[in-house]
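Novice: Provided below are the primary sequence and the corresponding predicted coordinates.
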Amino acid sequence: MGKSIERQRNIIDFTLSSLLRRKGKNISLMIVYTVIVFVLASVMFFTHSIKKEAHLILKDAPEMVVQKMIAGRHELIPEGYMEKIGGIRGVGSVHGRLWGYYYDPTVGANYTLLVPQDRKIESGEIIIGNGISRSRLAYEGDIIGFRSYDGSPMNLAIKEILSYDSELVSSDLVLISRDDFMTLFGMPKGHFTDLALSVRNPRELPTIAQKISDLLPDTRPIIRNEIERTYDSVFDWRGGVMVLILSTALLSFVIFAWEKASGLSADEKREIGILKGLGWETSDVIMIKFWEGVVVSLSSFLVGIILAYIHVFFTHAPLFEHTLKGWAILYPEFRLTPFVDAYQIFTLFFLTVVPYTVATIIPAWRAATVDPDSAMRT
Amino acid sequence: MIDLIDIRKVFNVGRPNEFRAVNGVTLSIEQGKISVLKGPSGSGKTTLLSMMGCMSRPTSGRIKVCGVKISGIAQDGDRAIEVTSLPERFLTEVRRKTFGFIFQQSNLIRGITVIENVMLPAYPYGAKHSDLRVRAMSLLKLFNISDHALHRAEWLSGGEAQRATIARALMNDPFAIIADEPTAHLDTKLSREFMEIVARLKEDGKTALIASHDPIVYESPVVDRVVSMRDGMLVPD
Amino acid sequence: MGIKPFRKSGIFLCFIAVSLLLVSVMFVYAFFRVRSDAGTIIRQSEIVKELQLTDLCLFTEARYTRNPSQADLHAAFQDHPVSIEHFPAGSLVMPPECLRRINGKVN
């Protein structure tokens, strides 16, 4: 056993000496490799964490939301629908939700205005999310001027700012009183934005959704697990763009590695011949190539994922902020909880370290099997 | 020590460019003596040396090697092993323990240190690195190139490189040294120095088998026996 | 020879060992952070429950990005004049200039 370890260490010594001969080239190779792993791993950590958090946070989202549709578009839902839905067996309670979007031209940001069910808000007052406070530099007691649907101004005073902890869900919220909401948007009486319902038995949700569609064909019920699954697909897309770009980069890197290794230069062939002449066997020479691949790819992989982890979970992923933020002016400040998945890390390992090592070994196979006798004849 | 019995080596058997490199050689190499294979290029010297050193197998004939103990192989009283029928893995062990090779070109690996070059033959066998280092250093001292131990191999002069090659050949403490045209790229002074080293090896009880058409080699007083070869066969003197 | 240099393989193997250690620290740290952040997550889900929210506030550019779970089929190209799209076409075609003004400046 000890001999085996010593043997491998000796071979690693030689491999490292060999790699150090072309320091510049090998170091740049490792840097490129590390960067690729870093970006891929960052994307992986980020999207996985957000998806996990989304699931945990949204688990108490409304069990079902019913929207009215006209010509394929989401439209206001009349009060009368509440009674009809309430009459369906299995439905617990039905609330009309009042919420909408407001575009604030002074900062170019969209706010979500919401009339809370339980919290009491006085007319003329609002409770705002932390993101709004930051982008408008508005604090408790300040007044924000809104423009109603008919162009008339409406000034609302900030009563409270929602906690920093809840940024991820409330950053752009404006909680407003019902009367102010109706006035601001010119909302027709007897209508709601949509309806939120709770049911007695969550397992009946799909059945109840079907009944609602049958009863009111111009509605679209959205059930809770659809809400949760949204984030799985959203992040696969937004994350997906980056993964696409980087898979391309990775692929080109593998091709580059192969191309580098496949044309074993005359020098390299000669050296293998010398080693064979000195008594090294084919398996020993293959071992050199194996370690060559591992030294470069494993080191880059480990450094890459460690840096990615620090990037995403300790420095809030500054490199992604730009892409994810898009054109949004308001972007929540939040600390991602590090949900890491060993399976994903192993997958990344198999996608990066293994192909590179194989790409280093296989092309050398031919040269490694050369007769030692040929070394005598050069 | 090494017995060759009717050795033949044919390349490209059955094809139009069939070539008989060695055409029936029977020869005994004595232990502890310096033997020289003399002949022009193309005479089959290199091929013969290669077969004797267990680097390639003959097309027909038998080779017996005596005097080296190899575990796992049945050996008789004088420890003769017939290498022609040995499986590959035993053959490499025989080769490693019995022979150290010196080639025409110094064939040191560029870019790594001299001492690492000398240690190379022992690397795959799992000996402790520090032991290998100690042995390599003592060999370098023996040949007066220990000052260059940490220098890159390509910085050595021709003579120093040749001595490093000899040190490397002795790394595994082989029974015999096989050298193929060792003085081909050396000037007169260095060639004579080479033969002086061979004399020292003889004093240490080593066997040497040298293929050369250089008179400085085959006319040296150190040499015990000269065998001439031509067209793949021995030529009686 | 006086100095005994470090073996290269020793340095390499050390480096790998340290890296693997750091990787396991990553997992351990994550485990403890998940536990300690549990409170924040619960508070957030309480707000979600109280206010009956349906989405994370991540992409505030447009309606269908702010509440993707509530988006309808025709939400694209409707809202924020400068919003970027989920559909590839939107990345290629910019809205007309008159719609791209913020505060009088063309974005």
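Specialist: Right, received. Where do you want to start? Numbering: from 1, shown residues only, chains lettered A, B, ... in the order given.
Novice: so the most centrally placed residue in chain B is in which element?
Specialist: Among the residues of chain B, residue B:178 comes closest to the average C-alpha position under C-alpha atoms, centre = their mean, at 1.7 Å. Secondary structure from DSSP states H and E places residue B:178 in strand B:176-180.
Novice: partners of that strand, with directions?
Specialist: If you go by DSSP bridges, strand B:176-180 pairs up with strand B:99-102 (parallel), strand B:207-211 (parallel).
Novice: chain center to the first one, what's the gap?
Specialist: Translated: strand B:99-102. 3 Å (C-alpha atoms, centre = their mean, to the nearest Å).
Novice: before we move on, what about the longest one?
Specialist: Averaging C-alpha positions (C-alpha atoms, centre = their mean) puts strand B:207-211 7 Å from its chain's average.
Novice: Tell me the helix or strand right after that strand.
Specialist: helix B:215-218.
Novice: which ones are touching the closest residue in space to the residue nearest to the centre of chain B that isn't next to it in sequence?
Specialist: The shortest distance from residue B:178 to any non-neighbouring residue, by C-beta to C-beta, 6 or more residues apart in numbering or on different chains, is to residue B:53 (4.6 Å). (Glycine included, C-beta is placed from N, CA and C.) Counting by C-beta atoms under 8 Å, 6 or more residues apart in numbering or on different chains, residue B:53 touches B:95, B:99, B:101, B:178.
Novice: Dump the residues you listed into a markdown table; add pLDDT as well.
Specialist: Listed next are the contacts of residue B:53 as a markdown table, based on pLDDT from 0 to 100:
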| residue | pLDDT |
| --- | --- |
| B:95 | 82 |
| B:99 | 88 |
| B:101 | 88 |
| B:178 | 91 |
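Novice: So which of the residues you listed wins on neighbours?
Specialist: With neighbours taken as other C-beta atoms under 10 Å in any protein chain shown, the top of these is residue B:178, carrying 29 neighbours.
Novice: Please look at that residue and residue B:98 and confirm they touch.
Specialist: No. Residue B:178 lies out of contact with residue B:98 (C-beta atoms under 8 Å); the separation is 9.4 Å.
Novice: In CSV, list the C-alpha atoms belonging to stretch A:132-151.
Specialist: The C-alpha trace of stretch A:132-151 is given here as CSV (Å, rounded to 0.1, in the frame of the first residue of the first chain):
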residue,chain,number,x,y,z
ILE,A,132,-39.1,51.9,-2.6
SER,A,133,-37.7,53.6,0.4
ARG,A,134,-34.2,53.1,-0.9
SER,A,135,-34.9,54.2,-4.5
ARG,A,136,-36.9,57.3,-3.6
LEU,A,137,-35.0,58.1,-0.4
ALA,A,138,-38.3,58.3,1.3
TYR,A,139,-38.8,57.5,5.0
GLU,A,140,-41.5,57.4,7.6
GLY,A,141,-43.4,60.6,7.6
ASP,A,142,-42.4,61.6,4.1
ILE,A,143,-45.0,62.1,1.4
ILE,A,144,-45.0,60.4,-2.0
GLY,A,145,-47.0,62.0,-4.7
PHE,A,146,-49.0,59.7,-6.9
ARG,A,147,-51.0,60.5,-10.1
SER,A,148,-54.4,59.1,-10.3
TYR,A,149,-55.9,57.5,-13.4
ASP,A,150,-57.5,60.9,-14.3
GLY,A,151,-54.3,62.8,-13.9
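Novice: Identify the residues contacting it?
Specialist: The contact list for stretch A:132-151 (C-beta under 8 Å, 6+ apart) reads A:102, A:104, A:106-107, A:109, A:111, A:126, A:128, A:153-161, A:171-174, A:183-186, A:329-330, A:333.
Novice: now do stretch B:10-25
Specialist: The set of residues external to stretch B:10-25 that reach it, using C-beta under 8 Å, 6+ apart, is B:4, B:6-9, B:44, B:47-48, B:51, B:58-59, B:61, B:229, B:231-234.
Novice: Could you tell me which of those count as buried?
Specialist: By neighbour count, with 16 or more other C-beta atoms under 10 Å in any protein chain shown, these hold B:4, B:7-9, B:44, B:47-48, B:51, B:58, B:61, B:229, B:232-234 as buried.
Novice: Which of those sits closest to chain C?
Specialist: Using C-beta to the nearest C-beta, residue B:51 is the member of those that lies nearest chain C, at 36.0 Å.
Novice: I'd like to know how far the closest one sits from residue B:83.
Specialist: Between residue B:51 and residue B:83 the computed distance is 9 Å (C-beta to C-beta, to the nearest Å).
Novice: Now for these two: what residues contact both?
Specialist: Common contacts of residue B:51 and residue B:83 (C-beta under 8 Å, 6+ apart): residue B:63.
Novice: before we move on, back to that, now, which of the buried ones among the contacts of stretch B:10-25 lie within strands?
Specialist: The strands, defined by DSSP state E, take in B:4, B:7, B:8, B:9, B:61, B:229, B:233, B:234 from those.
Novice: Tell me which residues touch residue 53, please.
Specialist: Using chain A here. Here residue A:53 is in contact with A:168, A:336, A:337, A:339, C:41, C:56 (C-beta under 8 Å, 6+ apart).
Novice: you looked at the wrong chain, it should be chain C
Specialist: Contact analysis of residue C:53 by C-beta under 8 Å, 6+ apart lists A:58, A:61, A:114, A:169, A:170, C:47.
Novice: Out of those, which two are the most distant from each other?
Specialist: Farthest pair in the contacts of residue C:53 (C-beta to C-beta) is A:58 and A:114. Separation: 15.8 Å.
Novice: about what we covered before: if I average pLDDT within each of the strands paired with strand B:176-180, which one is lowest?
Specialist: Ranked by mean pLDDT, these bottom out at strand B:99-102, which scores a mean of 89.
Novice: Name the residues of stretch A:48-66 that are buried.
Specialist: A:48-54, A:56-58, A:60-66.
Novice: Report the mean confidence score over it.
Specialist: 88.
Novice: excluding its backbone neighbours, what's nearest residue B:143?
Specialist: residue B:163 (4.1 Å).
Novice: Does that neighbour lie in a helix or a strand, and which?
Specialist: helix B:158-169.
Novice: For that helix, list the C-alpha coordinates in PDB.
Specialist: Coordinates of the C-alpha atoms in helix B:158-169 are reproduced here as PDB (Å, rounded to 0.1, in the frame of the first residue of the first chain):
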ATOM      1  CA  GLY B 158      28.100  17.300 -23.800                       C
ATOM      2  CA  GLY B 159      30.400  15.400 -21.500                       C
ATOM      3  CA  GLU B 160      28.400  16.300 -18.400                       C
ATOM      4  CA  ALA B 161      25.200  15.100 -20.100                       C
ATOM      5  CA  GLN B 162      26.900  11.800 -21.000                       C
ATOM      6  CA  ARG B 163      28.000  11.300 -17.400                       C
ATOM      7  CA  ALA B 164      24.500  12.100 -16.200                       C
ATOM      8  CA  THR B 165      23.200   9.400 -18.600                       C
ATOM      9  CA  ILE B 166      25.600   6.900 -17.100                       C
ATOM     10  CA  ALA B 167      24.500   7.900 -13.600                       C
ATOM     11  CA  ARG B 168      20.900   7.400 -14.700                       C
ATOM     12  CA  ALA B 169      21.700   4.000 -16.100                       C
END
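Novice: Same question for that helix: list its buried residues.
Specialist: Quick answer for helix B:158-169 (16+ other C-beta under 10 Å): B:159, B:160, B:161, B:162, B:163, B:164, B:165, B:166, B:167, B:168, B:169.
Novice: Tell me the residues on chain B that lie near chain C, please.
Specialist: With C-beta under 8 Å from any C-beta of the partner chain as the criterion, chain B comes near chain C at residues B:129, B:137, B:146, B:149.
Novice: Can you flag which of those belong to helices?
Specialist: Taking DSSP state H, the ones among the residues of chain B next to chain C that sit in helices are B:129, B:137.
Novice: Now residue 35: closest residue in space that isn't a chain neighbour?
Specialist: Answering for chain A, as no chain was given. Spatially, and ignoring its direct neighbours in sequence, residue A:35 is nearest to residue A:304 (7.5 Å; C-beta to C-beta, 6+ apart).
Novice: hmm, I had chain B in mind actually
Specialist: The shortest distance from residue B:35 to any non-neighbouring residue, by C-beta to C-beta, 6+ apart, is to residue B:225 (4.7 Å).
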